[in-house]
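J.: Got a sequence here, can you model it:
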Amino acid sequence: MASDAQHDAVPTLHTIEELAALLAAGTVSALGLLEHYLDRIVRFDPALGAILALDETGARAAAQAADDRRARGLVLGRLDGIPVLVKDNIEAIGLPGTAGSRALLGSPPVRDAGLVTRLRAAGAVIFGSTNLSEWANFRTTSGTSGWSGVRGQANNPYDVGRNPSGSSSGSAVAVAAALSPVAIGTETDGSIVSPAGLCGVVGFKPSRGTVPGDGIVPISSAQDIAGPITRSVADARTLYEVLSDRPIYVTSRIDRAPVELDGLRVAVWTPDELADEPAVRAVLDQVADLLRAQGSRTFARSVAQTGPFEAAEFDALLCEFATQLPAYLRSRPGRHPRTWPELLAFDRADPVELSLFGDENFALAAVSAGAGSPEHLRLRAEADEQAARAMAGLLDGCDVAVTVMNRPAWHTAYGHGEDWHLPTSSPAAVSGCPSLSLPAGLIDGLPVGVLLMARVGEDARLLSIGQQLEALLPPRTPPADFR
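T.: Have a look, this model is predicted:
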């Protein structure tokens, strides 16, 4: 374990830049930094349920290697020696990669996902994996976010009786409670930006195709993407530069000139679902006021009824899930289910998997027409068209759109699904546009986030806008019980 002096040198609320400065000054070693977070996990994670597994041996070796490089005057970049957690549906050697399901226990990955390879090459210390809504929240429609058969329930650090949202629940909880400086999540629709909103941290869903998708347990290759969960936009940007498969980001030759807020055209979407929730609407109104005070021009926008939109999306995702998950399982070594009948049989024989809710999406997938079928192609085209129309309507004549990410966290309960989610993540998720969730304040002590969206490929521009808005928003209030 790290010495008391090493512990004192690491601030609880830190950025990658601050930690890199401590490492450069020799105030703390990469190994000492790692031990700091391992100690916090021992202390706090029993109440939080954020961490699914740790690779202490591999992480200590990676941290020591970073220290040895630095002693020789070699530094791989800003992430060199920085601890990072990854969601447990991302393959990383030394971690179980279960997607939260007991069906994959005992069959650990034998390779790193592409994004993990990028992180390791940048010197990041991958030291553990995070809990998640099992199978990335696509096993059932009656499930509870943050629960997995492997780890149980992840809890919101602002009130452990409340939900962290999902499916990247553990990643958001871990970053909010400073169990790690940063983490990686994955999103199909809302699974990065929603838990970030409910847990009071930053979540960035990149444009489709900018982050390698190999080695991630799939729902849909059309929508799945990995991205950073952090406590600052600057950290999200640093991680994205490494994760992205665009060389301009990887080599950090990104244009860092800020986008001017003065004259920025901002679409403001107030969801109809907030008609009777003035406190949540007020958060968005305050953000619009802040932008106008900087010279931005705001324009009221709306998205048509989201019910049909979400139905087409779900049916398209189900077809993709039906084909792509078994294909992934067949490619993964080890003894585990590989077909829908085998998965269904496993769940029914296991004492934990169906203890709180069902697996009806598995049953639907087993009889689905599958990806590439005429039915799937029709559904995917319908979902994509509706998403493109929604984003075009939001961004018509505007540079960026802003809306509310979430209501305050709800009490965790089981067996009847969740109806507290707002539909604001879907247009960007289905269309492949980048989206960025920022903490915007507290309501009754619980975080509420705002969501920024931009056009496909405008990731750097969106992060620049988000970083400037972040500076105008109230300072983030960390969870009192986990400081």
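
J.: Could you list the buried residues of the helix or strand hosting Leu377?
T.: Assigned by DSSP states H and E, Leu377 belongs to helix 374-395. Within helix 374-395, the residues that count as buried by 16 or more other Cβ atoms under 10 Å are 376, 379-380, 382-384, 386-388, 390-391, 393-395. For every residue, glycine as well, the C-beta is placed using N, CA and C.

J.: so what secondary structure elements neighbour that helix?
T.: If you count contacts as 3 or more Cβ pairs under 8 Å, 6 or more residues apart in numbering; DSSP states H and E, helix 374-395 packs onto strand 265-269, helix 307-331, strand 400-404, helix 426-431, strand 446-453.

J.: Need the residues that contact that helix.
T.: 222, 267, 269, 301-304, 308-309, 312-313, 315-316, 319-320, 369-370, 401, 426-431, 433, 453-455 (Cβ atoms under 8 Å, 6 or more residues apart in numbering).

J.: Below-threshold pLDDT in the protein: ranges please.
T.: Low-confidence regions of the chain, defined by pLDDT under 70, span residues 1-12, 245-258, 305-307.

J.: if we can go back for a sec, format the buried residues of helix 374-395 as a markdown table; extra columns: distance to Gly77.
T.: Output for the buried residues of helix 374-395, formatted as a markdown table (distance: Cβ to Cβ, whole Å):
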| residue | distance to Gly77 |
| --- | --- |
| His376 | 41 |
| Leu379 | 42 |
| Arg380 | 38 |
| Glu382 | 43 |
| Ala383 | 38 |
| Asp384 | 36 |
| Gln386 | 40 |
| Ala387 | 35 |
| Ala388 | 36 |
| Ala390 | 37 |
| Met391 | 33 |
| Gly393 | 40 |
| Leu394 | 35 |
| Leu395 | 33 |
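
J.: Asp444: which of these is nearest?
T.: Asp444 has its nearest neighbour among the buried residues of helix 374-395 in Leu394, at 29.4 Å by Cβ to Cβ.

J.: one step back: quick one, which of the contacts of helix 374-395 are buried?
T.: Buried subset of these (neighbour count, 16+ other Cβ under 10 Å): 222, 267, 269, 301, 303, 309, 312-313, 315-316, 319-320, 369-370, 401, 426-431, 433, 453-455.

J.: tell me the strands in this structure, going along the chain?
T.: Taking DSSP state E as the test, the strands found in the chain are 51-54, 83-87, 125-130, 147-148, 152-153, 182-187, 202-205, 225-230, 265-269, 297-301, 400-404, 435-443, 446-453.

J.: Buried deepest among those strands, which one?
T.: The highest mean neighbour count among the strands of the chain, using mean count of other Cβ atoms under 10 Å, belongs to strand 202-205: a mean of 32.

J.: Which elements pack onto that one?
T.: Helices and strands touching strand 202-205, as assessed by 3+ Cβ pairs under 8 Å, 6+ apart, comprise helix 193-199, strand 225-230, helix 233-243, strand 435-443, helix 459-472.

J.: What strands line up against that strand, and which way round?
T.: strand 225-230 (antiparallel), strand 435-443 (antiparallel) (DSSP bridges).

J.: Contacts only, for the most centrally placed residue in the chain.
T.: Centroid check for the chain by Cα atoms, centre = their mean gives Ile192 as the closest residue, at 2.7 Å. Residues in contact with Ile192 (Cβ under 8 Å, 6+ apart) are 168, 185-186, 203-205, 227, 229, 437.

J.: Excluding residues flanking it in the chain, which one is nearest Phe309?
T.: Once flanking residues are discounted, Phe309 sits nearest to Gln386: 4.7 Å by Cβ to Cβ, 6 or more residues apart in numbering.

J.: Please disregard the earlier target; I meant Ala369.
T.: Of all residues not flanking Ala369 in the chain, Glu375 sits nearest, at 4.4 Å (Cβ to Cβ, 6+ apart).

J.: how close does that neighbour sit to Gly415?
T.: 31 Å (Cβ to Cβ, to the nearest Å).

J.: What is the neighbour count of Gly26?
T.: Residues lying near Gly26 (other Cβ atoms under 10 Å) number 11.

J.: mind pulling up the phi and psi values for it?
T.: Backbone torsions of Gly26, given as degrees, to the nearest 10, read phi 80, psi 10.

J.: gap between the two ends of stretch 156-172?
T.: Separation of the first and last residues of stretch 156-172 by Cα to Cα, to the nearest Å is 9 Å.

J.: could you check the distance from the residue of the chain most remote from its centre over to Leu451?
T.: For the chain, the largest distance from the centre (Cα atoms, centre = their mean) belongs to Arg72, which lies 35.2 Å off. Distance of Arg72 to Leu451, computed by Cβ to Cβ: 44 Å.

J.: likewise Leu115?
T.: Going from Leu115 to Leu451 by Cβ to Cβ gives 23 Å.

J.: just Arg378 next, same as before
T.: As judged by Cβ to Cβ, Arg378 and Leu451 stand 29 Å apart.

J.: Could you do Pro341 as well?
T.: In terms of Cβ to Cβ, Pro341 sits 39 Å off from Leu451.

J.: quick one: contacts for the nearest residue to Ile184 once chain neighbours are set aside?
T.: The spatial neighbour of Ile184 that comes closest, neighbours along the chain excluded (Cβ to Cβ, 6+ apart), is Val86 at 4.6 Å. Residues in contact with Val86, defined by Cβ under 8 Å, 6+ apart, are 92, 95, 116, 119, 126, 128-130, 171, 183-184.

J.: just checking, Pro212 touches Arg118?
T.: Yes: Pro212 is within contact range of Arg118, at 7.2 Å (criterion: Cβ atoms under 8 Å).

J.: where do the contact lists of these two overlap?
T.: Applying Cβ under 8 Å, 6+ apart, one finds that Pro212 and Arg118 are jointly contacted by Leu243.

J.: Give me the more crowded residue out of these two.
T.: Taking neighbours as other Cβ under 10 Å, Pro212 and Arg118 compare with Arg118 leading, 21 against 18.

J.: Thr210 is in contact with the more buried one, correct?
T.: No: with contacts counted by Cβ under 8 Å, Arg118 stays clear of Thr210, the gap being 11.7 Å.

J.: ok now do the nearest residue to Leu469 once chain neighbours are set aside, which residues does it touch?
T.: Leaving aside its sequence neighbours, Leu469 sits nearest to Leu438 (Cβ to Cβ, 6+ apart; 6.5 Å). Neighbouring residues of Leu438 by Cβ under 8 Å, 6+ apart: 202, 233, 449-452, 466, 469-470, 473.
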